[in-house]
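Colleague: A predicted structure for the sequence below; I have some questions about it.
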Amino acid sequence: MWRALLFSWCLFVMGNVHAVLTIEITQGVKGAMPIAIVPFGWGGQGAPPEDIAKIVGADLSRSGYFAPLPEADLPSRPHDATAVRFPDWRMVRVDNLVIGNLSLLGPDSYQIKFHLFDVYKGKSLAGYSFRTNRQGLRRVAHQISDIIYEKLTGRKGVFSTSIAYVTAIRKGGTVSYALSVADADGYNEQVILDAPQPLMSPAWSPDGKRLAYVSFETGRSAIYIQDVGTAKRTRVASFKGINSAPAWSPDGRKLAFTSSKNGNADIYVLDLGSRKVVRITTSGAIDTEAAWSPDGGSLVFTSDRGGSPQIYRVPIGPSGPVGRPKRVTYEGSYNARASFSPDGSRLVMVHRSGKRFQIAVLELDTGQLSIVSDTRLGESPTFAPNGDMVLYATEVGGRGVLEAASVDSRSHQRLGFARGDVREPAWSPMP
Amino acid sequence: MKNLFYWMSMAFFVAGMVGCSATAPVEEGGKPMPSGQGVADQLEGRGMVRDDAARGKALDEGSLLSRTTIYFGYDSSEIAPEFRELLRAHGKYLASHPEIRITIEGHTDERGSREYNLALGERRAYAVRQLLMLQGVAPNQLEVISYGEERPVAYEHDESAWRLNRRAVLRYPGR
């Protein structure tokens, strides 16, 4: 529902909704499951309004776990279960087959049916029917991808999620900034806020309805919360000094943030209901970039109290920190911008290795750190809400772009955008 | 994307560097830290309106007061000896003009995390503020704002740009 509202608002603002350019770079898809996705049947005039099979194929291959058969290699093109001949598909060595059909029921009313088959067992694993309007066709395709992903990997898909990000566009001597939200595949970019002053650090509320972010529109940093559907916004922190790094608690009631109102950057927690502010760190060093554990019981944050930026963890209660922060990272001279995986078992962070800024994942129980990117200037990593992928910003050919990597680092994808430098991605919660 | 503005700026920068004093300290990579007077101001590309009414008297104190940018080494907020003379001049001037209030801006290069850089930029601005206060400037004359890496003057992704972005800027009224 909110997507429909968002879309109409953005039509008003933007006038056009343009797709982004997605460039896929797959690194080592060894072990990816071979799958055949047959172009869906279409009973209407001309070309179908959306190529559902293509969207599903792009989703599944982007996850790094699937290798769709090229269209030219499809032995046949069934649109319903009765037309499927399993020997054909065993010959091309695919484990699974997806077929479907798109039909027009009435003005702006479509039906989409699909089936997922286990080719070797010769049986259907899933079959669904959807009804939607023209606007909803991509969303249905992503839902189909989610169903397939969950059936075949046992894990929840993130193909129906969104990403928020900041775009900086340089024209002559000035820079303009935009905060945008797009589908996880980069389509349907919608500008949430246009500004002539810098924007930073978008953060999704746990219910996916609001974004907190930092804006310099008053001349210095301040934190705002904006409702994505209605565009209504409020300024929630503009104390003396820095106001930045907003992070929502898992229950959505509090915002951890960075303020330097007491002389240097420290972490505070703002209760959004009572507006009460509780101080969490008191060192004379820089303490910033707080992130909540999924159980809401502790924060990790960046601190240079030991001489250079490292990650620390502190348990927190309603009246503040419980005990002293403990250092978490011991490898490398620079670790920053940590955040938890959804299951709480890992952190993703910026890790300097030699002179390169990489994205690394730390297993909290073993302490093992693995680099998942191949970047010189990697920054702002964010976990997908199923914990299987991370999205981060980097620079390629002089431009700011986003990259997605599977957590095991087997697959990498770049999202190149039509305009400007793109940075500071934030992956939305599950819809 | 390179454009005319960028090339003009680089031309000005090179011209400025040629006229520099030779006592710049050397940092990593063996390159001297930038110290060209007014050069970084030109690179910032904003129309500068110098409030000479407020500083007209000061101009005869020498060209030091027209230099308002302090550069920093990587990951550092230490003020190099070369800039202490500059800050002494500004400090002396501001201490004798308590009605003048300035903003000290802190900036960093693009490397590393944006939010940490916002705090590092502030630390640089505070280091400058501290030095000015030692000259007798009142705290309420010195406001600090950090822009972290968000307001670079140079956009290349290498040390030639990074060294220009690691800076604190003294903003007098009208500028």
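Modeller: Now that the structure is in, tell me what you want to look at.
Colleague: Helices of chain B, start to end?
Modeller: Taking DSSP state H as the criterion, chain B contains helices spanning B:4-18, B:39-44, B:52-59, B:81-95, B:114-134, B:159-165.
Colleague: Could you identify which of these has the lowest mean pLDDT?
Modeller: When the helices of chain B are compared by mean pLDDT, helix B:39-44 comes last with a mean of 42.
Colleague: Those residues of chain A touching chain B, which are they?
Modeller: With CB under 8 Å from any CB of the partner chain as the criterion, chain A comes near chain B at residues A:170, A:172-173, A:198, A:200-201, A:216, A:219-221, A:241-242, A:244-245, A:258, A:260, A:264-265, A:286, A:288-289, A:302, A:304, A:308-309, A:334, A:336-337, A:350, A:352, A:357, A:376-377, A:379-380, A:395, A:398, A:423-424. For the C-beta atoms, the positions are set from N, CA and C on the backbone; glycine is no exception.
Colleague: Let's see which of these end up in strands.
Modeller: Among the residues of chain A next to chain B, DSSP state E puts A:170, A:200-201, A:244-245, A:258, A:288-289, A:302, A:336-337, A:350, A:352, A:357, A:379-380, A:395, A:423-424 in strands.
Colleague: Among those, name the buried ones.
Modeller: Buried subset of these (neighbour count, 16 or more other CB atoms under 10 Å in any protein chain shown): A:200-201, A:244-245, A:258, A:288-289, A:302, A:336-337, A:350, A:352, A:357, A:379-380, A:395, A:423-424.
Colleague: now stretch A:242-252: how far from the chain's centre is it?
Modeller: Put simply, stretch A:242-252 sits 17 Å off its chain's centre (CA atoms, centre = their mean, to the nearest Å).
Colleague: What residues of that stretch count as buried?
Modeller: Within stretch A:242-252, the residues that count as buried by 16+ other CB under 10 Å are A:242-250.
Colleague: What is the end-to-end distance of it?
Modeller: The stretch stretch A:242-252 measures 23 Å between its terminal residues, going by CA to CA, to the nearest Å.
Colleague: Pull the residues that contact it.
Modeller: With CB atoms under 8 Å, 6 or more residues apart in numbering or on different chains as the test, stretch A:242-252 has contacts from A:200-201, A:203-207, A:212-214, A:221-223, A:225, A:236-237, A:254-260, A:265, A:269, A:272, A:288-292, A:294-296, A:299, B:115, B:118-119, B:122, B:146.
Colleague: So for A:Gly28, what's the pLDDT?
Modeller: On pLDDT, A:Gly28 comes in at 45.
Colleague: Ok, B:Glu99 next?
Modeller: Predicted confidence (pLDDT) for B:Glu99: 96.
Colleague: From B:Leu131, how far out is it?
Modeller: Using CB to CB, to the nearest Å, B:Glu99 is found at 21 Å from B:Leu131.
Colleague: same question, A:Val98
Modeller: With distances taken as CB to CB, A:Val98 is found 67 Å from B:Leu131.
Colleague: what does A:Phe257 give?
Modeller: Distance from A:Phe257 to B:Leu131, by CB to CB: 29 Å.
Colleague: When the two are compared, which one has more neighbours?
Modeller: Per other CB atoms under 10 Å in any protein chain shown, whichever of A:Phe257 and B:Leu131 has more neighbours is A:Phe257, with 28 against 19.
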